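based on what follows, work out the 3D shape:
(chains A and B)
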Amino acid sequence: MVRRFNAMGWVKAAVFCLSLAPLARLGWLGVYGGLGANPIEFITHSLGTWTLVFLLLTLAITPLRRWLHFPALIRLRRMLGLYAFFYAALHFVTYLWLDQFFDWAAIAKDVVKRPFITAGFAAFLLLAPLAATSTAGMIRRLGAKRWQRLHRLIYPAAIVAVLHYLWLVKQDLTQPLFYAAALAILLGYRVACHFRRP
Amino acid sequence: MPTNAPGNVRPSEITPHTVYLQRRRFLQMAALSAAAGWLPLPATAGVKLTTTGKGPFSTSEPPTPLKEVTHYNNFYEFGTDKFSPAQRASSLVTHPWNVAVEGEIRRPNIYAMETLLKLAPLEDRIYRLRCVEGWSMVIPWVGFPLNALIRQVEPTGNAKFVEFTTLYDPAQMPGQRSSVLSWPYVEALRLDEAMHPLTLLAVGLYGEVLPNQNGAPLRLVVPWKYGFKSIKSIVNIRFVEHRPTTTWMKASSREYGFTANVNPQIDHPRWSQARERRIGEFFKRDTLLFNGYAEQVASLYRGMDLKKDF
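Model prediction:
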């Protein structure tokens, strides 16, 4: 039991470092001029993509635990979820700063008028309380049941995040549909579990 | 056992794909140098073009560096991301190249690229290019006004529009194997837009023959319209009476109109067109009406409701 604990500690440390790799890669490409002709677009898209990846990884933990008979995986879930929020926040700041240069009037207009911005903004708003209540102390204060109900917000957050991607793409929907399919499987699993229960 | 049986080919003996492609390039170069003696035949990217110098309407803004102009491209025939055209367009064979000019004209003809290059003096034209996606560049094109060709073929009274078609050959243009757009790519202009002295048939940029990813060997440049109107790798120019339906109109008529003038007041249904990111600049800049060419082209659209006919 103790050995298992230590092994999981190492896994957690490794996942923690690995999860920073996308950010490190952007830094590396930035220094060595690998971000292409439109670096701001590259950074924004990359951060958005990794937000989606971490959202899907977070949602994959529960099915994987059961499927692999590896309940200890739960110990990675909070970290992955926080990384999803971390990349979402960087993505959002990139938009506020590099795309709109804190032009609040233009940003407000964008959020109201552009469905894809509305969706992205909604996803970020839905994730924020989850990140804020991620500590053990907050679980205790909210009570496990209420906490769990609150954290189901990740489902609508992931849905609007995928819509955000679908609606922004000009013509080639291959990539966003790939994420939509992955999300459909992960959410479908939960629906199936719900109806299988007596 | 015969030494050349298929099973006996060692991996080291197989010509790498890149070398194979270089072979084709070698043949092109060989043909080029053979022809160079008696023909002004620039057919391959990188070959210098002789021009009469800086033509009219050129902007004095600093041009976008060549590396960016040739490595950030929308050319769905080679893939839908910006980086694919530079990586994959070497499969396009631009020599020999013929352009059929037909329809409502008195002198239909099939023009060899070499003939087109002698049709009018080549000029340097430094134009702004604004993409419908919200980015822009400044590109020093080499070409001649489309109206030089139009005058030569003598449109009839029925010619109201000019329709352009890109090459269709999935073997050379692998992006055409995907159904992301309806192929071949088709664009069109009103005849008066096509006749406008700003409208350019480009054969080069930065003083050299067009790189494949920029639409070699012949493309349209209409600087006051969104970039998708400036069709690449043209094989057919057709004069017609009725307004053609262009590829992007077919893809989404709600989002891409026939006129497609750069206009900061008319947003794309999904995003704003008020500002743009000039490639190489950190912050966005305001988009100009008709991409800054209002003085030259505004009269073409007088009395039109551009919100309706966007």
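
low-confidence ranges in the chain?
Just so you know, I chose chain A. Residues of chain A meeting the criterion pLDDT under 70: A:1-5, A:198.

I was thinking of chain B, sorry if that wasn't clear
In chain B (pLDDT under 70), the answer is B:1-43.

strands of that one, start to end?
Assigned by DSSP state E, the strands in chain B fall at B:98-103, B:109-112, B:123-130, B:135-145, B:161-166, B:186-190, B:200-205, B:208-209, B:219-221, B:234-240, B:275-278, B:285-286.

distance from the longest one to the middle of the chain?
Read that as strand B:135-145. Taking C-alpha atoms, centre = their mean, to the nearest Å, the mean C-alpha location of strand B:135-145 is offset from the chain mean by 10 Å.

tell me if that strand is near chain A.
Yes. Against chain A, strand B:135-145 shows contacts by C-beta under 8 Å from any C-beta of the partner chain at B:W135. Backbone N, C-alpha and C define where each C-beta goes, glycine included.

got the buried residues for that strand?
Neighbour-count burial for strand B:135-145 flags B:W135, B:S136, B:M137, B:V138, B:I139, B:P140, B:W141, B:V142, B:G143, B:F144, B:P145 (criterion: 16 or more other C-beta atoms under 10 Å in any protein chain shown).

who's in contact with the third one?
Right, B:M137. Counting by C-beta atoms under 8 Å, 6 or more residues apart in numbering or on different chains, B:M137 touches B:T64, B:E68, B:V69, B:R128, B:L129, B:R278, B:I279.

which of those residues lies closest to A:Y179?
B:I279 (27.8 Å; C-beta to C-beta).

tell me which parts of chain A are close to chain B?
A:36-38, A:40-41, A:98-99, A:101, A:106, A:109-110, A:113-116, A:167-168, A:170-172, A:174.

and if we set it to 7 Å?
Counting by C-beta under 7 Å from any C-beta of the partner chain, the residues of chain A close to chain B are A:G36, A:A37, A:N38, A:I40, A:F101, A:D110, A:R114, A:F116, A:W167, A:K170, A:Q171, A:D172.

now the buried members of those.
Buried among the residues of chain A next to chain B (16+ other C-beta under 10 Å): A:G36, A:A37, A:N38, A:I40, A:D110, A:R114, A:F116, A:W167, A:K170, A:D172.

can I get those in a markdown table including distance to A:T135 and secondary structure?
Converted to a markdown table, these look like this (distance: C-beta to C-beta, whole Å; DSSP: H, G, I helix; E, B strand; the rest coil):
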| residue | distance to A:T135 | secondary structure |
| --- | --- | --- |
| A:G36 | 39 | coil |
| A:A37 | 43 | coil |
| A:N38 | 39 | coil |
| A:I40 | 34 | helix |
| A:D110 | 33 | helix |
| A:R114 | 34 | coil |
| A:F116 | 32 | helix |
| A:W167 | 34 | helix |
| A:K170 | 41 | coil |
| A:D172 | 41 | coil |
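
nearest to A:A123 among those residues?
For these, the nearest to A:A123 is A:F116 (10.8 Å; C-beta to C-beta).

quick one: residues contacting that closest one.
By C-beta atoms under 7 Å, 6 or more residues apart in numbering or on different chains, the residues touching A:F116 are A:H164, A:W167, A:L168, B:R270.

can you show me the helices along chain A?
Taking DSSP state H to define them, one finds helices in chain A at A:2-19, A:21-31, A:39-67, A:74-94, A:104-113, A:115-132, A:136-142, A:144-151, A:154-168, A:174-196.

now these in TSV, with distance to B:F310?
Output for these, formatted as TSV (distance: least, C-beta to C-beta, whole Å):
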stretch	distance to B:F310
helix A:2-19	44
helix A:21-31	36
helix A:39-67	24
helix A:74-94	30
helix A:104-113	17
helix A:115-132	19
helix A:136-142	51
helix A:144-151	45
helix A:154-168	20
helix A:174-196	26
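
near chain A, which residues of the stretch 201-310 of chain B are found?
Residues of the stretch 201-310 of chain B lying near chain A (C-beta under 7 Å from any C-beta): B:A251, B:R270, B:W271, B:S272, B:R277, B:I279, B:F283.

filter these down to the buried ones.
Using 16+ other C-beta under 10 Å as the threshold, B:A251, B:R270, B:W271, B:S272, B:R277, B:I279 are the buried ones among those.

could you dump the residues you listed into CSV and include distance to B:F57?
Output for these, formatted as CSV (distance: C-beta to C-beta, whole Å):
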residue, distance to B:F57
B:A251, 31
B:R270, 32
B:W271, 29
B:S272, 27
B:R277, 23
B:I279, 21
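
from the residues you listed, pick the one nearest A:T58.
B:R270 (28.2 Å).

measure that closest one to B:P56 for me?
B:R270 is 36 Å from B:P56, where distance means C-beta to C-beta, to the nearest Å.

and the closest residue in space to A:V11 that isn't next to it in sequence, what does it touch?
Of all residues not flanking A:V11 in the chain, A:L76 sits nearest, at 7.3 Å (C-beta to C-beta, 6 or more residues apart in numbering or on different chains). Neighbour list for A:L76: A:K12, A:V15, A:I61 [criterion: C-beta under 7 Å, 6+ apart].

burial count for B:R130?
27 (other C-beta atoms under 10 Å in any protein chain shown).

contacting residues for it?
Counting by C-beta under 7 Å, 6+ apart, B:R130 has contacts B:S136, B:Y226, B:G227, B:V262, B:E276, B:T287, B:N291.

touching, A:A158 and A:L59? I think so.
Yes. Using C-beta atoms under 7 Å, A:A158 is in contact with A:L59, at 6.3 Å.

not counting its neighbours along the chain, what's nearest B:W248?
B:Y256 (3.7 Å).

meant to ask about A:H151, not that
A:L130 (5.6 Å).

number of nearby residues for that neighbour?
21.

now do the contacts for it.
A:G81, A:H151, A:L153, A:I154.

setting aside sequence neighbours, what's the nearest residue to the last one?
Just to be clear, that refers to A:I154. The nearest residue in space to A:I154 (C-beta to C-beta, 6+ apart) is A:L130, at 6.3 Å.
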